[in-house]
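# Build me a model:
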Amino acid sequence: CAVLNSAPVDEFIRSYSAAGRGFGAPSVMQNLALPRFDPAEALHLELSSLSQKAHERVARNADITGIQQEIDLRAMELWNIKS
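Modelled structure (predicted):
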């Protein structure tokens, strides 16, 4: 969930989808190199934990800006994207 809501995925979808279509067609997921979750990978566990924290904060109507920034950084790390 964290990865799907990250800035790298958002930017990819925006570049792939027509303007105004939002998430776009389901086929966009076929072109997203989304690695399978591996509980032995520390980065995967960190992203999972950040996602859970974000969901908890949203449920309380609390700000998630800091968590979202951390998710974006970790997602970039997942795909080895340099800023």
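
# longest helix anywhere in the chain?
Criterion DSSP state H: the longest helix present in the chain is helix 42-59.

# In this protein, what helix or strand scores lowest on average pLDDT?
Least confident element among the helices and strands of the chain, by mean pLDDT, DSSP states H and E: helix 7-16 (a mean of 85).

# which residues make contact with that one from outside it?
The contact list for helix 7-16 (C-beta atoms under 8 Å, 6 or more residues apart in numbering) reads 3, 23, 24, 28, 31, 32, 72, 75, 76, 79, 81. Backbone N, C-alpha and C define where each C-beta goes, glycine included.

# would you list those in JSON lines and tack on secondary structure?
Output for the contacts of helix 7-16, formatted as JSON lines (DSSP: H, G, I helix; E, B strand; the rest coil):
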{"residue": "3", "secondary structure": "coil"}
{"residue": "23", "secondary structure": "coil"}
{"residue": "24", "secondary structure": "coil"}
{"residue": "28", "secondary structure": "helix"}
{"residue": "31", "secondary structure": "helix"}
{"residue": "32", "secondary structure": "coil"}
{"residue": "72", "secondary structure": "helix"}
{"residue": "75", "secondary structure": "helix"}
{"residue": "76", "secondary structure": "helix"}
{"residue": "79", "secondary structure": "coil"}
{"residue": "81", "secondary structure": "coil"}
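
# what distance separates the helix or strand harbouring residue 77 from the centre of its chain?
Using DSSP states H and E, residue 77 sits within helix 65-78. Distance of helix 65-78 from the chain centroid (C-alpha atoms, centre = their mean, to the nearest Å) equals 8 Å.

# May I see the buried residues of it?
Going by neighbour count (16 or more other C-beta atoms under 10 Å), the buried part of helix 65-78 is 67, 68, 70, 71, 72, 73, 74, 75, 78.
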